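J.: Need coordinates for the below:
(2 chains)
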There are 2 protein chains.
Amino acid sequence: MKVDPERFLSDLHQLRSYGASGVGKGVVRPAYSEADLEARGWLAERFEQAGLRVEVDAMGNLFGLAEGPSLLMGSHSDSQPEGGWLDGALGVIAALEVARAAKEAGGPAISVVSFQDEEGRFGVTTGSAVWSGQLSLSEADGFADHAGVTLKNARLAMVDMVTGDVDAAQFTGFIELHIEQGPTLDTSGEQIGVVTDIVGIRDMKITFEGQQNHAGTTPMHLRRDAFQAVSTFNALINDRFRNVVTPSTVWTIGHVSLHPNASSIVPGKAVFSMQWRDGDGERLKRMETVIRDAAQEVADDLGMTLSFGPMLGLEPVEMDARLRAALEQGAETVAQGRWRTMPSGALHDATNVSRLMPVAMLFVPSINGISHAFEEDTSETDLVAGLEVLACAVQALGQATGR
Amino acid sequence: MKVDPERFLSDLHQLRSYGASGVGKGVVRPAYSEADLEARGWLAERFEQAGLRVEVDAMGNLFGLAEGPSLLMGSHSDSQPEGGWLDGALGVIAALEVARAAKEAGGPAISVVSFQDEEGRFGVTTGSAVWSGQLSLSEADGFADHAGVTLKNARLAMVDMVTGDVDAAQFTGFIELHIEQGPTLDTSGEQIGVVTDIVGIRDMKITFEGQQNHAGTTPMHLRRDAFQAVSTFNALINDRFRNVVTPSTVWTIGHVSLHPNASSIVPGKAVFSMQWRDGDGERLKRMETVIRDAAQEVADDLGMTLSFGPMLGLEPVEMDARLRAALEQGAETVAQGRWRTMPSGALHDATNVSRLMPVAMLFVPSINGISHAFEEDTSETDLVAGLEVLACAVQALGQATGR
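T.: Predicted structure coming up:
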């Protein structure tokens, strides 16, 4: 089979036009936004033109299905509030091109998917979490974004596209191509990373409630300042994690919302996000204990009411040996001596899909390791190299299974 | 002269209906909001009905003027994003009632004012700062609120009401009645506080810029996390202030805005408010040095770009002896043995007006010391007591000046 780099790159740039930020190649295409819906509409047409049957489940996961048993490939087409043009989009368009090339070559059968809300406007990889049965749609429907919009209401925007459930039994495995989103390949000058495993993640909202009051007339010793609670909590976990983490462990407070958030008012309430990632499930658990204990101590010391949101989490996942071997074979063919095996520090839909079938992942470099930002980019040479490794792997797998 | 408590309380509740939050007696009436404009329109009618000449300057400060030289009384009718029904409103309506009663009694001549943006949507007591000439309108026009709206654009909403500049030379002095907004009077069970001086205040925005990046793939040691900078800065000044402040000194980080503020992204930028207050101008200056040095050290340590917004500030102000004596005499008449002299920890328009004429202030209790919140309240008995002290003082001053 022969993939077409021009057709692939042209579709990739076309997808970028939906929600283009106007800053570099950046996109603003969060799940269920107008730009996201337009992009999914365009993708559906592309899938049909490729001879795939389009199906959309209630979550908004978009499938292009081959007949009979097939290998599923893809990623997601929603973006971060301020995202790059390749995060997710690369895996979807590469899968589309491989499916087209395979059809033209008479096989093997390739199906394509763009999962919904991988970037977690509502949860964490919400679309694939629901499709893989780890999260019920009714529970997910209760999740709200930072603006207070519930998933249940957001989903209404694409109800017209929904065809029904998509049975996972028809798929023999799942392969996802993605940008690395880190500095490793770019620094080493390598073109391809074959993923060995995906780190686990925990994410929850924490709320401190104190007493909103006047910033001029409330003596310091009488204050119950919710921002001071967040700041104290942050210092405490940074200190305590030192005895728990490894150099590859990460943790982030990326969202902070003070109430009422005015300079002359002692903040009465603070809601913030606490996220942590590691390859070891046991370590994730130990970190959770540090977090919950520290938050409780701060709440007790500063006279705060403390509440924890639901903890969204995904366990570390090992890639499937057979699919991974096919990718390594393809990497050696396409980028001899310029590829490596590596873990994924970022979370991906493959983590959820691994509950249903064998999965594997492939990385191409992120320039300067930058992602989740408008500057995110990868050289087109590397993008095409990733596409070609996929094609080689698919061919090898097809031959192995006699297709 | 005889004030009318019923008329006074009924007007006070009427004003509360503009921007009523529906939570307790709370109001949402920020400067230049629709509710603020409607309230000012209603006040203008009330001023006319009281035989006062209505004038509005370019900032939106609303005056009801008596003929010839007069004593100016009033406060402000804009509110905090989530404010109480008395903060500012009490002083405006009490002034209106005293002006009406004085007119009915044939003098003395009382003018009334409701200053604009006392709550600092754009600056700090912006309306009276511009009127008193401490801040030029062109400079103020450049200030933006937290949503990025400039004062210049916000002012357009009330351009139809503007009549022109109002000459301060016609006023012999300024008296402002206000709720205490602190716990002192409520705790001691006293009805009246005669203010001795108003503390000084400093307020500025501080911005740390680091590098926005993916929260899963960016190792901790390579991060330039703007939230970590804010948290570290906060801990540092809390520690260093211990050697500088007194028990009555206060400082607050009440507004924090992270960018892009998403749980899976290392924050690349943080803008936050730093406000501090004290009765000693020298101490305010020493605190500023601590703040600027600490911010610079944190920026250097964590690889941040640092920038300071314009510093808005007001010096501590002593009340005028003559006006204050009249208020003390009135307090002793109305609330014998149940009043005290006290400093004001909160900032008021009187601070700015003191640049133009003698000023004095009067406090009534705040239940539980709560203000800048929907729960803010004061017993109607105490509200009326405050009104009557004003009336006595005005009468005494009128007699003293032979009117």
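J.: Could you identify the helix or strand that succeeds the lowest-mean-pLDDT helix or strand in chain A?
T.: None of the helices or strands of chain A scores lower by mean pLDDT, DSSP states H and E than strand A:312-314, at a mean of 81. Note on strand A:312-314: by DSSP states H and E, the next helix or strand toward the C-terminus is strand A:317-318.
J.: and that following strand, how far out from the chain's middle?
T.: Put simply, strand A:317-318 sits 16 Å off its chain's centre (C-alpha atoms, centre = their mean, to the nearest Å).
J.: any bit of that strand sitting next to chain B?
T.: No - Strand A:317-318 lies out of reach of chain B by C-beta under 8 Å from any C-beta of the partner chain, never closer than 13.7 Å. All C-beta atoms are positioned from the backbone trio N, CA, C, and that covers glycine.
J.: by contact count, what packs against that strand?
T.: strand A:192-198 (3 or more C-beta pairs under 8 Å, 6 or more residues apart in numbering or on different chains; DSSP states H and E).
J.: Adjacent strands (with direction) for the strand it packs on?
T.: Strands that pair with strand A:192-198, judged by DSSP bridges, come out as strand A:317-318 (antiparallel), strand A:339-344 (parallel), strand A:359-364 (antiparallel).
J.: any idea how chain A splits into domains?
T.: Using the TED database, the domain parsing of chain A gives A:5-199+A:316-401, A:200-314.
J.: can you give me the helices in chain A?
T.: Applying DSSP state H to chain A gives helices spanning A:5-16, A:34-49, A:89-104, A:126-131, A:137-141, A:151-155, A:184-188, A:226-241, A:281-302, A:321-334, A:349-353, A:380-400.
J.: As CSV, the ones you listed with mean pLDDT would be great.
T.: Compiled in CSV, the helices of chain A are given as follows (pLDDT from 0 to 100):
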stretch, mean pLDDT
helix A:5-16, 98
helix A:34-49, 98
helix A:89-104, 97
helix A:126-131, 97
helix A:137-141, 97
helix A:151-155, 97
helix A:184-188, 91
helix A:226-241, 98
helix A:281-302, 97
helix A:321-334, 97
helix A:349-353, 95
helix A:380-400, 94
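J.: Out of those helices, the one nearest chain B is which?
T.: helix A:226-241 (4.5 Å; C-beta to the nearest C-beta).
J.: Packing partners of the closest one?
T.: strand A:200-209, strand A:256-259, strand A:269-278, helix A:281-302, helix B:226-241.
J.: Residues of the stretch 251-400 of chain A that sit close to chain B?
T.: Within the stretch 251-400 of chain A, the positions near chain B by C-beta under 8 Å from any C-beta are A:251-258, A:260-268, A:273, A:275, A:277, A:345-347, A:369-373.
J.: which regions of the stretch 101-250 of chain A lie under the pLDDT threshold?
T.: Scanning the stretch 101-250 of chain A for pLDDT under 70 picks out no residues.
J.: again, 90 this time
T.: Of all residues in the stretch 101-250 of chain A, those with pLDDT under 90 make up the ranges A:107, A:123-124, A:146, A:182-184, A:197, A:213-214, A:216-219, A:221-222, A:247-248.
J.: Near chain B, which residues of it are found?
T.: A:119-120, A:146, A:180-183, A:199, A:201, A:203, A:212-222, A:225, A:227-228, A:230-232, A:234-235, A:238, A:247-250.
J.: mind checking the backbone torsions on the residue of the stretch 51-200 of chain A found nearest chain B?
T.: The stretch 51-200 of chain A approaches chain B most closely through A:G182 (3.3 Å), counting by C-beta to the nearest C-beta. Dihedral pair for A:G182: phi -140, psi 180, per degrees, to the nearest 10.
J.: That one contacts B:H214, doesn't it?
T.: Yes - look at A:G182 against B:H214 with C-beta atoms under 8 Å: they come within range, at 7.0 Å.
J.: Identify the contacts common to these two.
T.: Residues touching both A:G182 and B:H214 (C-beta atoms under 8 Å, 6 or more residues apart in numbering or on different chains): A:A346, A:S371.
J.: can you put the helices of chain A in JSON lines and add mean neighbour count?
T.: As requested, these are exported to JSON lines (neighbours: other C-beta atoms under 10 Å in any protein chain shown):
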{"stretch": "helix A:5-16", "mean neighbour count": "17"}
{"stretch": "helix A:34-49", "mean neighbour count": "18"}
{"stretch": "helix A:89-104", "mean neighbour count": "26"}
{"stretch": "helix A:126-131", "mean neighbour count": "28"}
{"stretch": "helix A:137-141", "mean neighbour count": "15"}
{"stretch": "helix A:151-155", "mean neighbour count": "19"}
{"stretch": "helix A:184-188", "mean neighbour count": "18"}
{"stretch": "helix A:226-241", "mean neighbour count": "22"}
{"stretch": "helix A:281-302", "mean neighbour count": "17"}
{"stretch": "helix A:321-334", "mean neighbour count": "20"}
{"stretch": "helix A:349-353", "mean neighbour count": "27"}
{"stretch": "helix A:380-400", "mean neighbour count": "21"}
